[in-house]
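**Student:** just to be clear, the model below is a prediction. Sequence and coordinates:
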Amino acid sequence: MRVENSVPEDLILDIFAKLPVKSLIRFLCLSKSCYQAISDPQFFHLHLHHSNQSNKQFVLQISGGPLTLQSLSFCHHQLLREPATLDLPILLLSDWQWEMVGSCNGVLCLTTSPQSIHYLGFLNPTIKKLKLVPFPNREYSFRPSIDLYRSVDGAYISTEIGFGFDSCTSDFKIVIIFREIYAERWRQVQVYSLRKNSWKVLSNVPNSLDGRYDSYEPQVVVNGAFYWFVNSVFSDCFSILMFDFTDETFKEIKMPDCFDEDLGEFDSLGEVKGKLSLLHFDINSSTHVSLELWMMEDSGWVRQFVVKLSQLYEPTCLAMNDEIMLLLTHPNDEVGHVLSRDLKTLELTDHGVEEESSRAFTYTPSLALLGEEN
């Protein structure tokens, strides 16, 4: 990139990397050299690194009606502004009943209700870029009365959708697991690659996983791998299943040793400081509730803290550097309360935000999808 007064290019790029995405989008029109520098894949990673350190946000999907997403920004444990409704591409405001599946590197993964035209979508809300992906398996037809798919041979099929990022190839990917309900077996696993713009059927699904699991929400993406709770239909034992988006393989992870009983209804997976985390409720009564945070360290599961709560909530765990963001939803009123827990001082703060939200994810503004066509 040519710059007057011989300012080093590395210095210019370092300055650009600290700028907001919307400013960089405006700079694309300054010159051909600016466009090439900002749209370079290496600059995407440089900018994402800075954004992850300083500009993590909290995205809520508001319950009911057309897709409505709100963002919350925090800095030093303080809410910077009131929740802001994101300006979405007009296609997402249709009657297709969109729902968030996950968030990774500035991109939200969305899916439509199978009762409408079934699409998946990659959305960068900061630059309003949307990439639609048709649902892969046309041999399965959706049956609204039972909320399941049915194959051409009459089997009933459920789906599990995961979303993540392959850091080795800088590729956003979606994995869909088709499971035959009554036969207790995997039917098919397909992976979509954004770079290749194509689906493929995995042939390396291990036989040891065949027919063993019922899956449970919620799921989480940590360092390019997708995690979710599973339950063996034979031993009635809960564990965590991982899908690695880089090598496209599965791995089973044991729960902490204290989980000698059933998984709690409100237990949740999350990501803290780039590590897999688990929120566990210890419930003695409706007014005596403890919330435990466990993190997966190199040595195994380690309990980080215990919070006493006055009543039962359904949690969503989100990471904001040295702070844990919690969206706590009361099962009766379905109103989400946004709280945070400082990992250094262990102080719990209620930010006074109450929203009727159904899903929540961390979100980092980025230049992802910049070169993609809508």
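**Tutor:** Now that the structure is in, tell me what you want to look at.
**Student:** just the buried positions in the lengthiest helix in the chain, please.
**Tutor:** Assignment by DSSP state H gives helix 41-54 as the longest helix of the chain. By 16 or more other CB atoms under 10 Å, the buried positions in helix 41-54 come out as 43-44, 46-48, 51-52. To be clear about C-beta, it is placed using only N, CA and C from the backbone, and glycine gets the same treatment.
**Student:** pLDDT averaged over that helix - what is it?
**Tutor:** Averaged across helix 41-54, pLDDT comes to 90.
**Student:** so what's L69 up against?
**Tutor:** Going by CB atoms under 8 Å, 6 or more residues apart in numbering, L69 touches 59-62, 85-86, 88, 100, 108, 125.
**Student:** so what pairs up with it in the strands?
**Tutor:** Q61 (DSSP bridges).
**Student:** and the pLDDT at it?
**Tutor:** So, for L69, pLDDT stands at 86.
**Student:** cool, and S33?
**Tutor:** For S33, pLDDT reads 88.
**Student:** in the chain, which helix or strand is least confident?
**Tutor:** When each helix and strand of the chain is scored by mean pLDDT, DSSP states H and E, strand 314-320 comes last, with a mean of 58.
**Student:** quick check: S198 touching Q190?
**Tutor:** No. S198 is not in contact with Q190 according to CB atoms under 8 Å; the separation is 10.3 Å.
**Student:** out of those two, which sits in the busier spot?
**Tutor:** Q190 (17 against 11; other CB atoms under 10 Å).
**Student:** for G300, see how far away that one is.
**Tutor:** 33 Å (CB to CB, to the nearest Å).
**Student:** ok, now V191?
**Tutor:** V191 is 29 Å from G300, where distance means CB to CB.
**Student:** then Y156?
**Tutor:** 38 Å.
**Student:** next: Q188.
**Tutor:** In terms of CB to CB, Q188 sits 33 Å off from G300.
**Student:** more neighbours, those two?
**Tutor:** Applying other CB under 10 Å to Q188 and G300 shows that Q188 carries more neighbours, namely 19 against 10.
**Student:** run through the bridge partners of the residue lying closest to the more buried one once chain neighbours are set aside.
**Tutor:** Nearest non-adjacent residue to Q188, counting by CB to CB, 6 or more residues apart in numbering: F178, 4.4 Å away. When bridges are called by DSSP bridges, F178 pairs up with T159, Q188.
**Student:** contact partners of the strand or helix carrying F250?
**Tutor:** In the assignment (DSSP states H and E), F250 maps to strand 249-253. For strand 249-253, the external contacting residues (CB under 8 Å, 6+ apart) are 204-206, 209, 227, 230, 239-244, 276, 296.
**Student:** closest one of those residues to D10?
**Tutor:** D244 (33.3 Å; CB to CB).
**Student:** how much space separates the residue nearest to that closest one when sequence neighbours are not counted from I240?
**Tutor:** Spatially, and ignoring its direct neighbours in sequence, D244 is nearest to A225 (4.8 Å; CB to CB, 6+ apart). A225 is 11 Å from I240, where distance means CB to CB.
**Student:** can you list the weak-confidence ranges in the stretch 1-150 of the chain?
**Tutor:** Within the stretch 1-150 of the chain, the segments meeting pLDDT under 70 span 1-6, 74-81, 95, 113-117, 137-150.
**Student:** can you show me the strands along it?
**Tutor:** With strands called from DSSP state E, counting those that start in this stretch, the stretch 1-150 of the chain shows them at 57-62, 69-75, 78-79, 84-85, 99-104, 107-111, 119-124, 129-134, 141-143, 148-150.
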